[in-house]
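> With the input below, show me the fold.
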Amino acid sequence: MSGAGKKQKAGTELAAMNKKKLKSADEILAKVRALAQRVKAEPEVQRTLRDLNLPHACREVVDKDADAVLDEVEAAVLLVAASVLRGEGFTYTLPSRAKGNQLYVPELDRIVLKDSQSHRAFASTATCRKAVITTRILQLVHELCTKRIHVTKRDLFYTDVKLFEDQGNSDAILDDLACMLGCTRSSLHVVASEKGVVVGRLTFREDGDLIDCRRMGVGGKAIPPNIDKVDSIASDALFILLVEKDAAFMRLAEDRFYNTYPCIIITAKGQPDVATRLFLKKLKQTLRIPVLALVDSDPYGLKILSVYMKGSMNMSYDSSNLTTPDIKWLGVRPSDLDRFNIPQQCRLPMTEEDIKTGRKLLEEEFVRANPEWVKELEIMVASKVKAEIQALSSFGFQYLSQQYLPLKLQEGDWI
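Predicted coordinates for the structure are as follows:
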């Protein structure tokens, strides 16, 4: 038998041994129940920036209703008009969202935006176009709030394609304006298109309609872009399983994993969108149950997990609303590759860019704050090997739902 054949056989034997180790569903969930009890026992009141005596002034935004946003838009335009009348020119003063203006706050375990500001002058060739786009989007937001209607970011882009040129331009200015007006992006009545999905032991009302996520088929229920319309959340789940990939989500949904192991399964199908992050935060706050994450064993899987937990640089101004701290990293972790004897042909060599990203992550404050994360990342960077969740399918299509996850839950193997 060849070396590859021997390793494949060893992997199959290990999978069979793992199956023998599994106990009953009730015993498998014992450590999850203990974790859920600890989460429920935690104080409901969370610390805010106001509770901390930070050396830097920091900026955060809040949800505002349409009338409050209209007041902010009109006040911003009046400030510009006053600047023109004083002979100082047509200039917007906005908070800077540059990387140098970001701060990781260990006490809050998330990234926040410091209070440095930048100027966007119409008379400057460097900022003239941005000043025009800013004015146009202010006008559109004023119209949306006046009419009390919502549009997607794509709709907004198509209102003036010639000016915006690329949706990235209008999206970036939209975030600038939310920061400037001191409100969340959803308060501007502009939402992202549906991307994330949810399935499992969860019911809620969406704009008055009752949604039962156990009856949504393999595809699950699309997470509403307007989270404000979600209420009456109810569940008997013990935990939320946050999944990076759509393929893994579909496998777990089709196997009805949530029937045997009471949970809610969520995915944003890759990079997390705002609606999925808001929905996850709302579920965690309402249900007060733990969140366990299943991501690829590569630097980007960990980056995606960190966006859910600590926030993104792009939207650090809204991190208090978008982040869900204390998500447990369940898998697939670098140490799992040898522990579960993942076949060599399913392990992918890391590119130079992957290794560079992994080393950068090791320098991040939020990673260094968790020694177990550091240990896993060091294994990944040293081995120069990565693996996708789908690598587990080498032992069988249902290995993920019937052996890997149950064994991880049984052992309480999360960090």
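
> Now for Ala275: which residues touch it?
For Ala275, the contacting residues are Val191, Ala192, Glu194, Lys195, Gly196, Ile223, Pro224, Pro225, Ile227, taking CB atoms under 8 Å, 6 or more residues apart in numbering as the criterion. Every C-beta, even on glycine, is put in place using the N, C-alpha and C of the backbone.

> Of those residues, which belong to strands?
When DSSP state E is applied, the contacts of Ala275 are split such that Val191 fall in strands.

> Neighbour-wise, give me the winner out of the contacts of Ala275.
For the contacts of Ala275, the largest number of neighbours (other CB atoms under 10 Å) sits with Gly196, at 27 neighbours.

> secondary structure class for the closest residue to that one other than its chain neighbours?
Nearest-residue entry for Gly196: Thr276, 3.3 Å, with adjacent residues in sequence omitted and distances by CB to CB, 6 or more residues apart in numbering. The assignment at Thr276 comes out as helix when based on DSSP: H, G, I helix; E, B strand; the rest coil.

> Which parts of the stretch 201-350 of the chain are strands?
Using DSSP state E, counting those that start in this stretch, the strands of the stretch 201-350 of the chain run over 203-206, 209-212, 221-222, 230-234, 239-243, 263-267, 291-294, 328-331, 348-349.

> Which positions in the first one come out as buried?
The reference is to strand 203-206. Going by neighbour count (16 or more other CB atoms under 10 Å), the buried part of strand 203-206 is Phe204, Glu206.

> For Val141, find the nearest of the strands of the stretch 201-350 of the chain.
When those are ranked by proximity to Val141, the top entry is strand 230-234, at 22.8 Å, counting by CB to CB.

> Note down every partner strand of that closest one and its orientation.
Strand pairing for strand 230-234, determined by DSSP bridges: strand 203-206 (antiparallel).

> Can you give me every residue that contacts the residue lying closest to Asn321 once chain neighbours are set aside?
On the basis of CB to CB, 6+ apart, the spatially nearest residue to Asn321 that is not a chain neighbour turns out to be Thr184, at 5.7 Å. Residues in contact with Thr184, defined by CB under 8 Å, 6+ apart, are Val61, Val62, Asp63, Lys64, Ala178, Asp318, Asn321.

> Tell me the most packed of those residues, by neighbour count.
The residue in these with the most neighbours, by other CB under 10 Å, is Asp318 (28 neighbours).

> That one and Val61 touch, don't they?
Yes: counting by CB atoms under 8 Å, Val61 is a contact partner of Asp318 at 5.3 Å.

> Which residues are in contact with each of those two?
Common contacts of Asp318 and Val61, defined by CB under 8 Å, 6+ apart, comprise Ala178, Thr184.

> ok so, going back, right, and the residue nearest to Gly196 touches Ser193 too?
No: in this structure, Thr276 sits apart from Ser193 without contact. The criterion is CB under 8 Å, and the distance is 11.9 Å.

> Give me the more crowded residue out of those two.
Here Thr276 and Ser193 are compared on neighbour count by other CB under 10 Å; more neighbours surround Thr276, at 26 against 12.

> List the contacts of that one.
With contacts defined as CB under 8 Å, 6+ apart, the neighbours of Thr276 are Lys195, Gly196, Ile223, Ile266, Thr267, Ala268.

> With Ile389 instead?
Val243, Glu244, Lys245, Ala247, Ala248, Leu294, Val295, Asp296, Gly331, Val332, Leu400.

> same question, Glu364
For Glu364, the residues meeting the contact criterion (CB under 8 Å, 6+ apart) are Tyr104, Ser306.

> pretty sure Leu113 contacts Arg97?
Yes: here Leu113 reaches Arg97: they are 6.7 Å apart, a contact under CB under 8 Å.

> Touching both of those two, which residues are there?
Cys179, Ser316, Tyr317.

> Looking at neighbours, which among those is most surrounded?
With neighbours taken as other CB under 10 Å, the top of the shared contacts of Leu113 and Arg97 is Tyr317, carrying 29 neighbours.

> Does it touch Cys179 like I think?
Yes: in this structure, Tyr317 sits in contact with Cys179. The criterion is CB under 8 Å, and the distance is 4.3 Å.

> joint contacts of these two?
When contacts are counted by CB under 8 Å, 6+ apart, the set common to Tyr317 and Cys179 consists of Arg59, Val61, Pro95, Arg97, Leu113.
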